[in-house]
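Trainee: The following block contains a protein sequence and its predicted model.
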Amino acid sequence: MGQTVVLKTVGKVSLLEIDNPPVNAISRAVVEGLDAALREYETSGTLGLVICATGRTFVAGGDIADFESPDFSASAFNDILLRIENGDRPVVAAVHGTVLGGGLELAMACHHRISTQDCRFGMPEIKLGLIPGSHGTQRLPRLVGLRQAAEMMMRGSMVGAVDALDFGLVDDLVSPEKLRDAAIDAFTKLAADPIRRTSAQSISDDGADALAGLEKLAAKRSSEAAFAALSGALIAARDLPFEQGIDMEAQLFDRLVTSAQSKAQRYLFFAERGAARVPGVDAVSVRKIETVGVLGVGTMGAGIAVAALLAGYLVTISEADDELLQAGVGRINATLDGLVKKGRLTEGQHQKCRTMLHKGVGPAALSDVDIVIEAVFEDMDLKRRVAAELGKYCKPGAIIATNTSTLDVNEIARASGRPEDVVGTHFFSPAHIMKLLEVVRGNATATEVLAATLKFARRIEKTVVVSGVCYGFIGNRMAEVYMRENEAMQLEGATPAEIDAVAQDPDLWGMAMGPNRMLDMAGVDVGARTVIEWMASGDGPTDPAYRILCRRMFEAGLHGQKTGKGYYLYEGRSASPNPAVHALATQLAKDFNFTRSAPPSRQEIFERLLFPLINEAAHILDEKIAARASDIDVVWTSGYGFPKWRGGPLWMADDIGLGKIVERLEFYDARADNNWNISPLLRKLAASGDRLSSVG
Ligand code: COA
């Protein structure tokens, strides 16, 4: 028997314990251990078997790393599940932590399930481009009904223990310390009852309403896994005997596990976790962060304060005067109220957040907190002034985080007088919802300051990526070339809607929003101001035609959704093309001598949006602004609506072929007046055949 699985006898019952840290994933060794333990149990004369796990959680799924192996197969684990279910003595699952994927499938193969009250359950395979492959698609609907099973499989989110009891997924809830005793005690009753096998149960509903509703979700996400779940596995569960259902599931799973979509999503799973690991940072002692200050409580500051409150931090907010402070408190309360209305926060949690919030006027109010995040307006003079004040008022050892999307963190750090305490944070709005946080490491940022900020970022549940200092950091520096081509193509005759349609087309790409819809949402004024400031700084482009469309739209008050007019016209939530933008682009094309015989084709639009992004990313890697290519893919998939099932721009570049990308970049470079500045790294990798997404 492998060390990952241990079989004991406790009184008259056998107890099988899985011990495979950190999350007890089902690896090959665990499958072998289960097999050996079951063999031993099968020859024992005990009343039955308890299956449980050590450490922080019951099994949280199959070992995702194993899926990459060319000879990966779920069949050995699946045979074990059939053996468990078909055995002639009761088997009880005693579960805690996060019972996910293969863990839930294991629990469902048992005859009785006891859970701790704080346990959570889920089928997250959809997030990896998969369906459950160990009978989960067939057993889950038999336990909770087709509608609930479809919801869980399609959304991939977790349900709590109380809901799980309500749905029939578990039979009893106990406190964590009573879990094992309760499981052992359960045999007194179970011995008297006939064995209840999940596979023999019938499904309580046809789930028609849920299946129809979720089809739309599947189409929107262009997820092959969602289609396989909805139109294959769940229909099989409803219409076919269990044995045929599991055959169908196996066929679908085997196809999906080798699909491009799933490979991309599995790559991102590890990329997201790897991004938070920075060489040399793990080993240092971390400065403690227990109290958080937020200076400037506009939309961004309020969102940051809410994120910190939700994570249980004591938060002090500060504004320049009392009126602004009250407005900030209003924003925070409105956000918290909204979360209660949506059912994401209980009334009790809401009240707790309110008691954790303190407020004051001016930087002196923040003199006692462990980290201050300043979220004042994006203006270098103001940021420098604020940094100097914080440098003076913050207690020794406090971290000063400057929230900026493009500005030079080194300059702000110098202004503070204590640059080792300063770090950049680039939150995305709304900050309590958006997953991505770029943490910007200045030249002087102390390692323990970076380490503490990363820990803080994890606690407020952000996907964190570390960037070096440059204009726009990783995300916005790349977005700049994307927007540059977007606007240049409009001067060459493409409409905003045509461009967005190409970016959003799942057969070509599948961005959540095209560049023009994105600018309208973020604010054309915000985008334009950044460009204007960059050009004025002397470091930016000198071409007077550079992003002239967005700058003129800003002057004309076409600021996007907030003014009801931008690249599109807005009425409520519906958007229609704004003819004035195309007319303005046509006029600007004349004024700036843009000549093209025909507007760009769909293929050209695709290449001119995506390939400069990839090229810029290669420069970012070469300059060590990003430590790893996968960090860049995390930035774009977590913060910019790049489809996860394409893995990110660099993973997608490898799929397209670097040679082809370089060839097309050379073509556009030769044709254009401006310099496309093709990355030497990209050329080198194209020549060597190495993968761009593996750099770092
Ligand atoms: N297979 C392999 N490794 C896994 C894993 C899995 N199913 N689930 C988690 N891990 C690893 C992570 O890569 C991470 O490793 P690292 O410390 O070397 O980076 C470690 O376990 C902890 O995971 P992390 O996500 O950082 O911890 P968390 O406490 O925030 O979340 C879970 C824990 C279980 C909720 C989360 O890891 C998760 O959702 N896992 C995926 C579950 C899943 O998809 N199961 C179905 C697989 S088909």
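Mentor: Great, that's in hand.

Trainee: Would you mind listing what in the protein touches the ligand?
Mentor: By the rule CB under 6 Å from any ligand atom, the part of the chain lying against the ligand is 22-23, 25, 60-65, 98, 100-101, 124-125, 128, 130, 273. (Each C-beta comes from the backbone N, C-alpha and C, glycine too.)

Trainee: Next step: the residues you listed restricted to strands.
Mentor: Among these, the subset assigned to strands under DSSP state E consists of 98, 100.

Trainee: hmm, which of the residues of the chain next to the ligand are the buried ones?
Mentor: When burial is judged by neighbour count using 16 or more other CB atoms under 10 Å, the buried members of those are 23, 25, 60-64, 98, 100-101, 124-125, 128, 130.

Trainee: buried set for the helix or strand that contains Gln326?
Mentor: Gln326 belongs to helix 322-341 when elements are defined using DSSP states H and E. Of the residues in helix 322-341, those with enough neighbours to count as buried (16+ other CB under 10 Å) are 325, 328-329, 331-333, 335-336, 339.

Trainee: ok, residues contacting that helix?
Mentor: For helix 322-341, the external contacting residues (CB atoms under 8 Å, 6 or more residues apart in numbering) are 297-299, 301-303, 305-306, 309, 317-319, 345-347, 350, 353-354, 357, 359-361, 430, 432.

Trainee: Give me the subset of these lying in strands.
Mentor: 317-319, 357, 359-361.

Trainee: Need the nearest residue in space to the residue nearest to the spatial centre of the chain, chain neighbours excluded.
Mentor: Centrality entry for the chain: nearest residue to the mean C-alpha point is Ser638, 4.9 Å, by CA atoms, centre = their mean. Beyond its immediate neighbours in the sequence, the residue positioned closest to Ser638 (CB to CB, 6 or more residues apart in numbering) is Leu436, lying 4.0 Å away.

Trainee: quick one: that neighbour and Trp636 touch, right?
Mentor: No: Leu436 is beyond contact range of Trp636, at 9.1 Å (criterion: CB atoms under 8 Å).

Trainee: Looking at these two, which is more packed in?
Mentor: Counted by other CB atoms under 10 Å, Leu436 and Trp636 do not tie: Trp636 has more neighbours, with 28 against 22.

Trainee: what about the more buried one, which SS state?
Mentor: The three-state label given to Trp636 by DSSP: H, G, I helix; E, B strand; the rest coil is helix.

Trainee: can you pull the contacts of the nearest residue to it once chain neighbours are set aside?
Mentor: Spatial nearest neighbour of Trp636, chain neighbours left out: Phe642 (4.0 Å); criterion: CB to CB, 6+ apart. Contacts for Phe642 (CB under 8 Å, 6+ apart) come out as 511-512, 633, 636, 648-649.

Trainee: For those residues, which two are the farthest from each other?
Mentor: Ala512 and Asp633 (15.3 Å; CB to CB).

Trainee: neighbour-wise, which of those two wins?
Mentor: Shown here are Ala512 and Asp633; by other CB under 10 Å, Asp633 has more neighbours (31 against 14).

Trainee: what packs against the helix or strand harbouring that one?
Mentor: Secondary structure assignment for Asp633, by DSSP H and E: helix 629-639. Other elements packing on helix 629-639 under the criterion 3 or more CB pairs under 8 Å, 6 or more residues apart in numbering; DSSP states H and E are helix 260-275, strand 436-440, strand 463-467, helix 475-491, helix 602-622, helix 649-656.

Trainee: could I get the ones you listed as JSON lines with mean pLDDT?
Mentor: As requested, the helices and strands packed on helix 629-639 are exported to JSON lines (pLDDT from 0 to 100):
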{"stretch": "helix 260-275", "mean pLDDT": "96"}
{"stretch": "strand 436-440", "mean pLDDT": "97"}
{"stretch": "strand 463-467", "mean pLDDT": "97"}
{"stretch": "helix 475-491", "mean pLDDT": "95"}
{"stretch": "helix 602-622", "mean pLDDT": "97"}
{"stretch": "helix 649-656", "mean pLDDT": "98"}
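
Trainee: Let's have these in a markdown table, adding distance to Thr54.
Mentor: Converted to a markdown table, the helices and strands packed on helix 629-639 look like this (distance: least, CB to CB, whole Å):
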| stretch | distance to Thr54 |
| --- | --- |
| helix 260-275 | 22 |
| strand 436-440 | 33 |
| strand 463-467 | 28 |
| helix 475-491 | 40 |
| helix 602-622 | 41 |
| helix 649-656 | 35 |
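
Trainee: Can you read off the pLDDT for Val284?
Mentor: What the model reports for Val284 is a pLDDT of 72.
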